[in-house]
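K.L.:
Give the three-dimensional model of this entry:
(one chain, ligands or ions: 1)
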Amino acid sequence: MRFNFDKVIERQGTYSIKHEPAARGLPDAILPMWVADMDFQSAPCITEALEARVKHGIYGYSMPDTEYFDTVQGWFEQRFGWKTKREWLAQTPGVVNTIYIAIRALTEPGDGVVIQQPVYHPFMYAIRDTGRRLLNNELVYDEGRYTVDYADLEEKIKDAALFILCSPHNPVGRVWTREELQKMGEICLRHGVIVISDEIHQDFVYPGSRHYMLADLDESFADITVTCTSPSKTFNLAGLQLSNTFIPNGELRGRFLKMYKSCGLNEPGVMGLVACKAAYDGGAEWLGELISYLGGNFGLIREFLHTRLPMVRLVEPEGTYLAWLDFSELGHSAQELDRLIRDKAGLWLVGGTTFGDCGAGFQRMNIACPRSVLSEGLARLEAAFGS
Ligand SMILES: Cc1ncc(COP(=O)(O)O)c(C=O)c1O
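P.N.:
From the prediction side, this is the model:
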């Protein structure tokens with residue numbers, strides 16, 4: 001390997017949300033494996049580009065240029081075969097705020113918005129905070145795998161103005177197949193429902209699966225879809241606050257941009273632009289090695305649970321760097337499980353009910369960390385639940 005993902009780097013004192021337990025009333029010794037950023041340094045080509053920009057020393061108002069657009073569009077064309085147009089693209093500070101803005105721009109208060117729990121919790125907060133109605137098309141968990149209940153999705157969509165798709169899915173780790181996406185898209189089309197397709201985890205896909213951009217499957221899907229992307233998950237750039245949103249339909253895009261402006265937001269920050277361009281220009285090799293390292297981490301968990309803690313089950317991940325762990329065989333209530341994980345195991349994970357009530361009995365563990373840290377986390381699990 002050219003890049004060293006084994007290196008443990010101190011993150012306390014670096015304004016990291018993930019590594020300041022005291023700020024949340026947690027003990028210093030707790031092991032942070034919760035929020036979805038990585039404990040790895042970003043690709044060297046990104047740091048070099050940022051250093052060069054810092055040397056320039058002027059940080060005035062910024063805007064993307066032609067090369068920036070070419071690079072971003074090139075990434076999606078090369079990796080996913082998705083041909084896009086420059087005018088579809090808007091830069092925002094993040095996917096979560098894009099979702100809030102899109103909900104406000106494309107629906108009315110009281111409108112129904114469908115999500116598929118257990119799912120990334122800010123979807124739920126965005127629906128609640130904007131006074132829309134949450135409609136849950138709960139995923140079906142059977143034999144350790146999650147699938148979509150299409151009949152229920154169609155019922156919920158009939159009462160909805162918007163569907164927020166998580167693709168690949170956080171926290172259950174599914175990478176939706178072409179057929180699954182096709183079916184979901186067709187249901188939305190049949191009922192004139194707009195889709196926010198949050199594809200931020202698009203680059204984390206393991207052998208055997210393939211990510212399809214929803215908007216690329218069919219021109220009619222492109223017409224109803226707001227595609228949220230960002231280099232932030234892939235290259236560990238969340239603190240630089242830049243996401244790229246694709247909205248092919250000019251009318252929807254106009255409404256989105258008007259709402260964006262009315263929130264007082266304007267041009268993106270310069271460091272986010274520099275990092276994104278450097279990442280998509282030169283980060284592919286680093287990303288390839290990262291994916292194999294993460295695959296190794298999942299291998300370690302799989303083997304560890306199988307041999308040492310067989311009552312805890314890893315929901316087989318197809319994508320993302322988030323392990324969705326099924327503790328239901330232990331029979332604890334969600335609250336009791338959260339307490340044991342925190343106080344007995346000394347682990348800072350995300351309790352399953354954060355993603356909806358149907359997450360009871362599960363915990364989400366972020367495995368984007370050096371293998372030694374992951375091993376420590378697993379040892380703590382064994383010490384707490386092994387007997
Ligand atoms: C599905 C999903 N969407 C969005 C985000 C956050 O995106 P941003 O930091 O750009 O708001 C995350 C972060 O974990 C995520 O998992």
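K.L.:
quick one: low-confidence parts of the chain?
P.N.:
Applying pLDDT under 70 to the chain flags no residue at all.
K.L.:
how about the residues of it near the ligand?
P.N.:
36, 94-96, 120, 166, 170, 198, 200, 230, 232, 238, 243 (C-beta under 6 Å from any ligand atom). Where you see a C-beta, it was placed from the backbone N, CA and C, and this is true even at glycine.
K.L.:
Those: which two are farthest apart?
P.N.:
166 and 238 (16.9 Å; C-beta to C-beta).
K.L.:
okay, now residue 20: neighbour count?
P.N.:
16 (other C-beta atoms under 10 Å).
K.L.:
For the helix or strand hosting residue 71, name the packing helices and strands.
P.N.:
Residue 71 belongs to helix 66-80 when assigned by DSSP states H and E. Helices and strands touching helix 66-80, by 3 or more C-beta pairs under 8 Å, 6 or more residues apart in numbering; DSSP states H and E, are strand 89-92, helix 270-282.
K.L.:
between residue 166 and residue 238, who's got more neighbours?
P.N.:
Taking other C-beta under 10 Å, residue 166 and residue 238 do not tie; residue 166 has more neighbours (26 against 21).
K.L.:
Quick check: the more buried one vs residue 59, distance?
P.N.:
Distance, residue 166 to residue 59, using C-beta to C-beta, to the nearest Å: 34 Å.
K.L.:
Residue in the stretch 51-200 of the chain with the shortest distance to the ligand?
P.N.:
At 3.0 Å from the ligand, residue 94 is the closest residue in the stretch 51-200 of the chain, using C-beta to the nearest ligand atom.
K.L.:
Run a quick neighbour tally on that residue.
P.N.:
Neighbours of residue 94 (other C-beta under 10 Å): 19.
K.L.:
my read: it touches residue 241, true?
P.N.:
Yes. In terms of C-beta atoms under 8 Å, residue 94 counts as a neighbour of residue 241; the distance is 5.7 Å.
K.L.:
if we look at the host helix or strand of residue 325, which residues are touching it?
P.N.:
Assigned by DSSP H and E, residue 325 belongs to strand 322-326. Here strand 322-326 makes contact (C-beta atoms under 8 Å, 6 or more residues apart in numbering) with 36, 144, 170-173, 298, 301, 305, 312-315, 317, 361-367.
K.L.:
Also stretch 142-159?
P.N.:
By C-beta under 8 Å, 6+ apart, the list of residues contacting stretch 142-159 from outside reads 112, 114, 116, 135-140, 163, 169, 172, 174, 180, 183-184, 187-188, 190-191, 193, 313, 315-316, 326.
K.L.:
Buried only: go through the residues you listed for me.
P.N.:
112, 114, 116, 135-139, 163, 169, 172, 174, 180, 184, 187-188, 193, 313, 315-316, 326 (16 or more other C-beta atoms under 10 Å).
K.L.:
contact partners of the biggest helix by length in the chain?
P.N.:
Taking DSSP state H as the criterion, the chain has its longest helix at helix 284-308. Helix 284-308 is contacted by residues 1-3, 5, 40, 43-45, 203-207, 234-235, 312-314, 317, 321, 323, 325, 365, 367-369, 371, 374-375, 378, 382, 386 when judged by C-beta under 8 Å, 6+ apart.
K.L.:
repeat that for 7 Å
P.N.:
By C-beta atoms under 7 Å, 6 or more residues apart in numbering, the surrounding residues in contact with helix 284-308 are 1-3, 5, 43, 203-204, 206, 234, 312-314, 317, 321, 323, 367-368, 371, 374, 378, 382, 386.
K.L.:
List the buried residues for the helix holding residue 71?
P.N.:
68-69, 71-73, 75-76, 79-80.
K.L.:
Now render those residues as JSON lines, adding distance to residue 9.
P.N.:
Shown next, in JSON lines, are these (distance: C-beta to C-beta, whole Å):
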{"residue": "68", "distance to residue 9": "29"}
{"residue": "69", "distance to residue 9": "33"}
{"residue": "71", "distance to residue 9": "28"}
{"residue": "72", "distance to residue 9": "28"}
{"residue": "73", "distance to residue 9": "33"}
{"residue": "75", "distance to residue 9": "26"}
{"residue": "76", "distance to residue 9": "30"}
{"residue": "79", "distance to residue 9": "28"}
{"residue": "80", "distance to residue 9": "31"}
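K.L.:
which of these sit farthest apart?
P.N.:
Within the buried residues of helix 66-80, 68 and 80 form the most distant pair, 18.8 Å apart (C-beta to C-beta).
K.L.:
before we move on, back to that, distance check, the residue of the stretch 51-200 of the chain closest to the ligand against residue 26.
P.N.:
25 Å.
K.L.:
before we move on, what about residue 306?
P.N.:
30 Å.
K.L.:
Likewise for residue 6?
P.N.:
26 Å.
K.L.:
now do residue 349
P.N.:
12 Å.
K.L.:
repeat for residue 179
P.N.:
According to C-beta to C-beta, residue 179 stands 43 Å off from residue 26.
K.L.:
So the two - more neighbours on which side?
P.N.:
residue 26 (15 against 9).
K.L.:
Please name the nearest non-neighbouring residue to the more buried one.
P.N.:
Of all residues not flanking residue 26 in the chain, residue 348 sits nearest, at 6.4 Å (C-beta to C-beta, 6 or more residues apart in numbering).
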